[in-house]
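Undergrad: Need coordinates for the following:
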Amino acid sequence: ETLRASLKGDVRFDDLSRTIYAGDAGIYEIIPVGVALPKDVGDVVEAVKACREHGTPLIARGAGTGLTGGAVGHGLQLDLSRHMTRISPLDTAERTIEVEPGVVLDELNAALAPGGLHFAPDVATGNRATIGGMIANNSCGAHSVLYGRTVDHVIELTVVLADSQVATFRNTQ
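TA: Numbering: from 1, shown residues only. Sure, this is the predicted structure:
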């Protein structure tokens, strides 16, 4: 009830939703207590606050394309791929673009293409892998030796910390 009252996005505790979010592309399955689909950073903050207040683990999730079980757990699944999919206009002079964690890699590359750019990590699941999940896993792909890993192409991250504060970290190299 705390989540339903404080989130603009959806909150689901039904058996079907919990079962759908029990697995990722790997072999691991753990039924979560529930699923939240935040609409924005404010919703993520509220979900973190509620989980902290109730002692509930929180599992951030992209598209669930990982093979290692990183997107599964018995706590609250926070699906960042449903609503948090905004892509800002490309800054061609700086060769940068700001995206939310639910943006799919192929959609990001489509936004970058007019500027002659692409996001270098080329994972096999590029048509469904989200940038947030790629950051969480430091994804790379077959051409990582030439183009690098995800970490090599991220300049700045705005994150919600465990105490529900929003912080921005910038790569200064």
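Undergrad: Surely residue 73 forms part of a helix?
TA: No - going by DSSP: H, G, I helix; E, B strand; the rest coil, the assignment for residue 73 is coil, not a helix.
Undergrad: Which pLDDT does the model give it?
TA: In the prediction, the pLDDT value recorded for residue 73 is 95.
Undergrad: so how far is residue 21 from it?
TA: From residue 73 across to residue 21, the span is 10 Å (C-beta to C-beta, to the nearest Å). For glycine as for every other residue, the C-beta is placed from the backbone atoms N, C-alpha and C.
Undergrad: and what of residue 67?
TA: Counting by C-beta to C-beta, the gap from residue 67 to residue 21 is 16 Å.
Undergrad: all strands of this protein, in order?
TA: Here the chain has its strands, by DSSP state E, at 10-12, 34-37, 58-61, 76-79, 156-160, 166-170.
Undergrad: coming back round to it: which one's more surrounded, residue 67 and residue 21?
TA: Set residue 67 next to residue 21 and count neighbours by other C-beta atoms under 10 Å: residue 21 wins out with 25 against 12.
Undergrad: Would you mind finding the most buried of the strands of the chain?
TA: Using mean count of other C-beta atoms under 10 Å, the stretch among the strands of the chain with the largest mean neighbour count is strand 76-79, at a mean of 26.
Undergrad: ok, it: who's next to it in the sheet?
TA: Strand 76-79 pairs in its sheet with strand 34-37 (parallel), strand 58-61 (parallel), by DSSP bridges.
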